[in-house]
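> Need the 3D shape of this:
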Amino acid sequence: MAKKEIKTDLWVARQLDDSKIKYDAQGSDIKEINDALQSASKRGTGNAGYPEYVAVVNDFVIVIEDKADLAKHQKLTNTGILSVDQKDIADYAVNGAYFYAKHIAQNSGFHKIFAIGVSGDEKHHKITPLYVDDRDGYKQLPDIESFTSFTVANIGEYYTRYVLAEKTDIEKTTEEILKDAAELHEYLRTYGSLKDQDKPLVVSGILLALDDKFFKPSDLLGDETTTDGQLIYDAIQQANASLYRLESTMSAVAKSLSSIDAKAHTMTNYMAKIASNSDVIAHNTAVTAHYSKINAELTNALGYMVALS
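Next up, the predicted model:
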């Protein structure tokens with residue numbers, strides 16, 4: 001069994017390495033945590049006790065206990081809560097991780113701790129995280145397949161979503177976009193009397209208008225003389241004019257290139273002509289990239305509108 005335990009230890013360490021999580025084995029290089037573990041014997045003797053691995057990521061502590069046998073993953077009481085009997089703490093991965101995490105929370109300044117129990121091997125395994133603080137109780141979280149959620153980049157979002165049960169910034173942004181798109185869809189149907197096939201065109205036009213630096217949404221005041229629709233239309237025309245100028249300039253450059261005579265004795269004159277347009281080419285390349293970005297944004301907007309319609 002000892003050999004299997006070592007294999008599990010090494011596999012867990014590789015998973016941590018793959019996630020670029022810095023960890024300590026059998027203790028912690030952080031004095032406050034290591035001091036707390038000096039009285040963390042699972043047998044309750046008051047002597048030292050150490051989990052397999054301890055990591056500190058941002059302001060969170062991660063405590064990991066592992067067992068080679070899947071049957072030794074977790075032990076619950078008859079009422080369905082985690083057993084804290086000394087034998088179960090020693091024999092089961094999740095129970096042991098919880099014990100160490102709670103001890104650290106109650107004997108150090110670290111109070112945001114993930115206790116993770118791992119059992120099995122690379123092919124057949126189970127990884128169960130708990131959230132533990134210095135108060136009584138714990139929160140069992142959904143099983144995971146790797147430690148990716150506990151990296152520096154992800155652990156904050158994981159805590160917000162699964163511990164606090166709040167929506168993350170990404171989820172909030174997506175929800176706001178869908179809500180705004182639904183409201184716009186309703187306004188176009190109610191006040192614009194538009195057919196479904198015309199709504200994406202109107203949205204595209206509005207986005208083009210917003211790209212005009214002289215156009216501001218705050219200018220839309222519902223004036224009956226110069227209507228909001230006219231202001232948007234004028235801004236679209238300005239955007240179209242910019243696109244037309246871009247097309248004309250690029251056509252001139254293309255004409256210069258196509259006029260090169262392959263049989264000419266020298267290319268000097270032609271290359272000079274191209275060189276004289278180098279600044280224009282660079283500018284137009286940048287502008288083309290800019291409008292490509294606009295096109296991508298329009299495509300996304302059209303996608304939302306088509307889905308909502």
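> how is this structure carved up into domains?
2-163, 170-308 (automatic domain parsing).
> Please name the residues that touch Q86.
42-44 (Cβ atoms under 8 Å, 6 or more residues apart in numbering). Yep, even glycine has a C-beta here, placed from its N, CA and C like the rest.
> So which elements touch the helix or strand hosting K4?
Here K4 sits within helix 2-18, counting by DSSP states H and E. The contact analysis (3 or more Cβ pairs under 8 Å, 6 or more residues apart in numbering; DSSP states H and E) places helix 2-18 against strand 53-57, strand 60-67, strand 113-120.
> quick one: secondary structure of I236?
helix (DSSP: H, G, I helix; E, B strand; the rest coil).
> where's the closest residue to L221 other than its chain neighbours relative to T148, distance?
Spatial nearest neighbour of L221, excluding adjacent residues (Cβ to Cβ, 6 or more residues apart in numbering): D228 at 7.5 Å. If you measure D228 against T148 using Cβ to Cβ, to the nearest Å, the figure is 48 Å.
> Which one of the two is surrounded by more residues?
Using other Cβ atoms under 10 Å, the more surrounded residue of D228 and T148 is T148, with 16 against 13.
> which ones are touching the closest residue to the more buried one other than its chain neighbours?
With sequence-adjacent residues excluded and distances taken as Cβ to Cβ, 6+ apart, T148 is closest to S19, at 5.5 Å. Residues near S19 by Cβ under 8 Å, 6+ apart: 146-148, 150-151.
> which of the residues you listed tops the neighbour count?
F147 (27 neighbours).
> Please give me every residue in contact with that residue.
If you count contacts by Cβ under 8 Å, 6+ apart, F147 has them with 15-16, 18-19, 21, 116, 127.
> any idea which of those residues is closest to L220?
In terms of Cβ to Cβ, no member of these lies closer to L220 than S19, at 49.3 Å.
> what helix or strand is I89 on?
Using DSSP H and E, I89 falls in helix 86-91.
> how about the strands in the chain?
For the chain, applying DSSP state E gives strands covering 24-25, 53-57, 60-67, 113-120, 125-132, 139-140.
> and N78, which of those is closest to it?
The nearest among the strands of the chain, by Cβ to Cβ, is strand 139-140 at 17.0 Å.
> Would you confirm that I30 contacts A36?
No. Using Cβ atoms under 8 Å as the test, I30 is too far from A36 to be in contact (9.7 Å).
> For the two, indicate the residue with more neighbours.
Taking other Cβ under 10 Å, I30 and A36 do not tie; A36 has more neighbours (21 against 15).
> Now that one. Nearest residue, chain neighbours left out?
N107 (3.9 Å).
> Roughly how far does that neighbour sit from I236?
In terms of Cβ to Cβ, N107 sits 67 Å off from I236.
> Torsion angles phi and psi at T225?
phi -80, psi -60 (degrees, to the nearest 10).
> To clarify, my last question referred to G27.
The phi/psi pair for G27 (degrees, to the nearest 10) is phi 130, psi -160.
> Just give me the neighbour total for K139.
12.
> so what's it bridging to?
Bridge pairing for K139 (DSSP bridges) gives the partners Y131.
> That one contacts Y131, doesn't it?
Yes. Counting by Cβ under 8 Å, Y131 is a contact partner of K139 at 4.4 Å.
> thinking again about what came up before, nearest to V84 among the helices and strands packed on helix 2-18 would be which one?
Of these, nearest to V84 by Cβ to Cβ is strand 113-120, at 12.3 Å.
> Can you tell me the strand partners of that closest one and which way each runs?
strand 60-67 (parallel), strand 125-132 (antiparallel).
> what residue ranges in the stretch 51-200 of the chain are flagged as low confidence?
168-175, 177-178, 180-181, 184-185, 187-194, 198-199 (pLDDT under 70).
> again, but for the stretch 201-309 of the chain
201, 208, 210-215, 239-240, 242-247, 249-309.
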